[in-house]
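J.: Pasted the sequence and its predicted model underneath.
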Amino acid sequence: MTVGRRNLAAFAALFSIPLGWALIFMIFPYAVMIAVGFWTRQFPLFVPDFQRGNFVQLFSDPQYITVILRTLKIALLVTLGAILLGYPLAYFLVFTVKSQKWRNLLYMSVIVPLWVSYLLRAYTWKIILGTNGALNSLLLSFGLIDEPLTLFLYNQASMVITLVYIFVPFMVMPLFTVLDNIPKALIEASEDLGVGPFITFWRVIFPLSLGGLIAGATLTFCLAFGDFVAPVLVGGPDGTMVANLLQSQFGAALNWPLGSALATLVLILVLAVLTVSSRFDRRDHIDMN
Amino acid sequence: MMASLQWWQRGLVGFSLLVLIFLYVPIVILVLFSFNDSPVTSFPLSGFTLRWYQQFLANNQMLTALGNSLIVASFATLLSVVIGVTAALALDRYSFPGKDIFRNAILLPLSLPGIVTGIAMLNFYKQIGIPQSLTAVVIGHATALLGVVVSQVMARLAKLNLRLLEASADLGATPFETFYRVILPNIRTSIIGSALLCFTLSFDEIPVTYFLTGRDVTLPIYIYSTLRRGITPEINAVGSIIVAASFVLVVLSVTMLRDQTKSK
């Protein structure tokens, strides 16, 4: 129903609350952040003088470029890892588990960890991978190593493991939905025509699941790219990510304009990824069904 | 059952079970070490203790932080639900210019890194003079979590039979009566389900909280800053409590939201 004159009053009353809220507390903040990115820092204040110096600095200082490229690399590896673990799992849930009850139960057991404290799920990898941690002590007691290894924690590998662990359910959710919606008749038809399971997968199932794959990969990539907690807990100097740089600009370095410029860059990058991926797939990104 | 499966299917079953184990082993380890009678988180376990739980209950800073978290999550959930449900109703019932932009804007923070949202809000609050405080955190959480309520409630509204609303209007009900007596009962479980999710997510939120909070910290921020100094088993204890509580809330909320598919 379009807004007619009769409905106008009801619509206005209803809509003013969320519109006002979204404008004041959501649209304006992003706008202000982008603006502050063009300001300059003159200790202890920030001068609204609209220079593009911050952005020039981000693109010319190797420190920032290194960290941005590293963050891209880690986010891509995390996305790849989540696909490698998540796709078979989603396929298993939809096509191998025959009982509806078990399928629901197992699917729920995949998505529940997603909402069970993100901080604690990141932190537990610190316990597992630490020098005096669970993994080292297990390896020691099995006699596989003679002294604790320090190579598990505070590097890019520990970052990737932790983030894959955190984001796998985000991969499984959309994949489960698309796989579950593939008409079984198509698969039966393919088998009736004498095609083996691998060709059926490659020519029928996989192309039809691309939408879910893209949705899950997009979400995983975007969230991993901006992750705030894992770099601090398990990252170490070699695992420094964009979030650490942002944090220091608003903390120790106290350079909000530069930090805002960097955050704007992250915003643009994430929006670009979201836009490109929505070209391929126009579904809502979180589907709890 | 396994006998009827081909080799690659058996491999798939095995691999999937490993991934499921991968999802739960870290959580089990956290709980296990919360009862371990040693401050070091290494195997073999050195005996059962409730010491870390007692230490948590005696730690006033931690309890204050827990209280702050509960307050923030409650108010943020309340705000998200009120604003989110009105937004979902407006988006579902009317079409208007800029509708897509409005919907995308509300859903955006769900897929944006929390740190960008947090920094955006910090900048804005500084400009308009809202001090960093728990109030600022509540506003920030409510805004960031709006999308959860909007997407879930809209999904349910889309399945509502429009004839019910017409019938209600024909029988002379005011829009408010129609909402209260027809729409609300039909979307109730999606509201409760998304409220539980909002509460859980707000309770656990770090990036937005980190930038917006002042001297009063929430529990995740307290834990987060403690962890930067080193591991204490107390955190395993409070972590296990949080895991247990959020497990219950999440299973409840997923069950509520699941009604959607059943009622199709």
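T.: Received it, and whenever you're ready, just let me know what you need.

J.: Check the gap between the residue in the stretch 151-289 of chain A that chain B sits nearest to and A:T150 for me.
T.: Closest to chain B within the stretch 151-289 of chain A is A:G226: 2.0 Å, counting by CB to the nearest CB. Any C-beta I mention is one placed from the backbone N, CA and C, and that applies to glycine too. Using CB to CB, to the nearest Å, A:G226 is found at 28 Å from A:T150.

J.: and residue 117, how many residues sit next to it?
T.: Since no chain was named, I'll use chain A. When neighbours are defined as other CB atoms under 10 Å in any protein chain shown, A:S117 has 25 of them.

J.: ah, I was thinking of chain B
T.: Neighbour count of B:T117, defined by other CB under 10 Å: 27.

J.: Could you measure from it over to A:R103?
T.: Taken as CB to CB, the span from B:T117 to A:R103 is 35 Å.

J.: what's the answer for A:L265, then?
T.: On the measure of CB to CB, A:L265 and A:R103 end up 42 Å apart.

J.: ok, A:G226 and A:T150, which is more surrounded?
T.: Set A:G226 next to A:T150 and count neighbours by other CB under 10 Å: A:G226 wins out with 25 against 12.

J.: and the residue in the stretch 1-150 of chain B positioned nearest to chain A, what is it in contact with?
T.: Closest approach between the stretch 1-150 of chain B and chain A, counting by CB to the nearest CB: B:P113, at 2.0 Å. Residues near B:P113 by CB atoms under 8 Å, 6 or more residues apart in numbering or on different chains: A:C222, A:L223, A:F225, A:G226, A:D227, A:F228, A:A243, A:V266, A:V270, B:P207.

J.: What does it show for phi and psi?
T.: Note on B:P113: backbone dihedrals following degrees, to the nearest 10 are phi -60, psi 140.

J.: can you pull the pLDDT of it?
T.: Looking at B:P113, its pLDDT reads 87.

J.: Show me the strands in chain B, by range?
T.: Read by DSSP state E, chain B holds no strands at all.

J.: And the helix or strand containing A:S16, what does it pack against?
T.: For A:S16, the host element (DSSP states H and E) is helix A:5-22. Under the contact criterion of 3 or more CB pairs under 8 Å, 6 or more residues apart in numbering or on different chains; DSSP states H and E, helix A:5-22 touches helix B:60-93, helix B:99-111, helix B:134-158.

J.: Next one: the first one, is it in contact with chain A?
T.: Yes: Helix B:60-93 lies in contact with chain A when judged by CB under 8 Å from any CB of the partner chain; the contacting residues are B:V82, B:I83, B:G84, B:T86, B:A87, B:L89, B:A90, B:R93.

J.: now swap in the second one and tell me
T.: Yes: under the criterion of CB under 8 Å from any CB, helix B:99-111 makes contact with chain A via B:F102, B:A105, B:I106, B:L107, B:L108, B:P109, B:L110, B:S111.

J.: Highest neighbour count among the residues you listed?
T.: Most neighbours among the residues of helix B:99-111 next to chain A, by other CB under 10 Å: B:I106, with 25 neighbours.

J.: Tell me the pLDDT of that one.
T.: Confidence score, pLDDT, at B:I106: 87.

J.: you'd agree it is up against B:V148?
T.: No: assessed by CB atoms under 8 Å, B:I106 is found out of contact with B:V148, at 10.1 Å.

J.: Could you list the residues in contact with stretch A:8-17?
T.: Contacts to stretch A:8-17, defined as CB under 8 Å, 6+ apart, come from residues A:V3, B:V82, B:I83, B:T86, B:A87, B:L89, B:A90, B:R93, B:Y94, B:F96, B:P175.

J.: The fourth one: neighbour count?
T.: Going back to what we said before, that points to B:T86. B:T86 has 21 nearby residues by other CB under 10 Å.

J.: any idea how far B:V149 is from B:L78?
T.: Between B:L78 and B:V149 the computed distance is 11 Å (CB to CB).

J.: Looking at the two, which one has more neighbours?
T.: The residue with more neighbours, out of B:L78 and B:V149, is B:V149; 29 against 15, by other CB under 10 Å.

J.: quick one, what contacts that one?
T.: Counted by CB under 8 Å, 6+ apart, B:V149 has contacts B:S80, B:V81, B:I83, B:G84, B:V85, B:A87, B:A88, B:I191, B:S194, B:A195, B:C198.

J.: Tell me the residues of the stretch 151-289 of chain A that contact chain B?
T.: For the stretch 151-289 of chain A, the residues in contact with chain B (CB under 8 Å from any CB) are A:165, A:168-169, A:197, A:218-219, A:222-223, A:225-229, A:232-233, A:243, A:246-247, A:250, A:256, A:259-260, A:263, A:266-267, A:270, A:274, A:284-286, A:288-289.

J.: Buried only: go through the residues you listed for me.
T.: Using 16 or more other CB atoms under 10 Å in any protein chain shown as the burial test, those include A:165, A:168-169, A:218-219, A:222-223, A:225-229, A:232-233, A:243, A:246-247, A:250, A:256, A:259-260, A:263, A:266-267, A:270, A:274, A:285-286, A:288 as buried.

J.: What score does the nearest residue to B:G114 once chain neighbours are set aside have for pLDDT?
T.: With CB to CB, 6 or more residues apart in numbering or on different chains as the criterion, B:G114 has its nearest non-adjacent residue at 3.4 Å, and that residue is B:P207. The per-residue pLDDT reported for B:P207 equals 91.

J.: Go ahead and confirm B:P207 touches B:A120.
T.: No: if you go by CB under 8 Å, B:P207 and B:A120 don't touch, sitting 11.1 Å apart.
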